[in-house]
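Visitor: with the input below, show me the fold.
(chains A and B)
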Amino acid sequence: TAGITQAPTSQILAAGRSMTLRCTQDMRHNAMYWYRQDLGLGLRLIHYSNTAGTTGKGEVPDGYSVSRANTDDFPLTLASAVPSQTSVYFCASSSETVTEAFFGQGTRLTVV
Amino acid sequence: KQEVTQIPAALSVPEGENLVLNCSFTDSAIYNLQWFRQDPGKGLTSLLLIQSSQREQTSGRLNASLDKSSGRSTLYIAASQPGDSATYLCAAGNYGGSQGNLIFGKGTKLSVKP
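Guide: Residues are numbered from 1 along each chain as shown, chains lettered A, B, ... in the order given. Next up, the predicted model:
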């Protein structure tokens, strides 16, 4: 099974441009998450969705937006990218919020 | 606010040694504790999940324990192999709130020398 698929794998983006990171899961999990991973800071939660149609803010939501129109997809949008958003972004899912979480392979984003 | 700490940040051992990785958390009101492995440039692979009502979980050469009262979890790796070299992350599952659900430590980078 594919599990969680993220696209693109990597991207170089000019500052001020917008971009959507895609995340699709085929496990029919209710909960989905977006994290960013930075050297020295570890993994930090950006946004989450406990079920389709609902979203919530994590620890570092500023500059990012998400939507959850259906169970499978959880895109993350940067409306106007800034260099501080250079990071590796991971999408994750779990069947419920209290169960095992599974991660995608990540998207490496560089904002220049 | 939940904080998760992993000590040591890096560990180098010779092949065959048994080793323990430590994870501590400040808020004992967790619903689970999950251990992950991350290889360089890759995503996170789930290793073990311990529910709050459990004391330990085992998978092959890995054993994870949980002591909620003391805010600690350990990951025990038996008979380490060079293929175990990776960064190991623990994450505490919290109920809702602005922090979301999983709070991660910064990881222990393990190197197993042949």
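Visitor: what residues does chain A have near chain B?
Guide: By CB under 8 Å from any CB of the partner chain, the residues of chain A that approach chain B are A:31, A:33, A:35, A:40-45, A:48, A:56-59, A:90, A:92, A:94, A:97-106. In short, each C-beta sits where N, CA and C put it, glycine included.
Visitor: and the residues you listed, which are buried?
Guide: The neighbour count (16 or more other CB atoms under 10 Å in any protein chain shown) marks A:31, A:33, A:35, A:42-45, A:48, A:56-59, A:90, A:92, A:94, A:97-106 as buried among the residues of chain A next to chain B.
Visitor: thinking again about what came up before, filter the residues of chain A next to chain B down to the ones in strands?
Guide: If you go by DSSP state E, those have A:31, A:33, A:35, A:42-45, A:48, A:56-57, A:90, A:92, A:94, A:101-103 in strands.
Visitor: ok, which pair from these is furthest apart?
Guide: Using CB to CB, the pair of those lying farthest apart is A:K57 and A:F102, separated by 22.0 Å.
Visitor: flag the shaky bits of the chain, pLDDT-wise.
Guide: All of this is about chain A. Across chain A, residues meeting the criterion (pLDDT under 70) sit at A:1, A:97-98.
Visitor: correction: the question concerned chain B.
Guide: Along chain B, segments meeting pLDDT under 70 span B:96-100.
Visitor: tell me where it has strands.
Guide: Ranges of strands in chain B, per DSSP E, are B:4-7, B:10-14, B:19-25, B:30-38, B:44-51, B:56-59, B:62-67, B:72-77, B:86-94, B:102-104, B:108-113.
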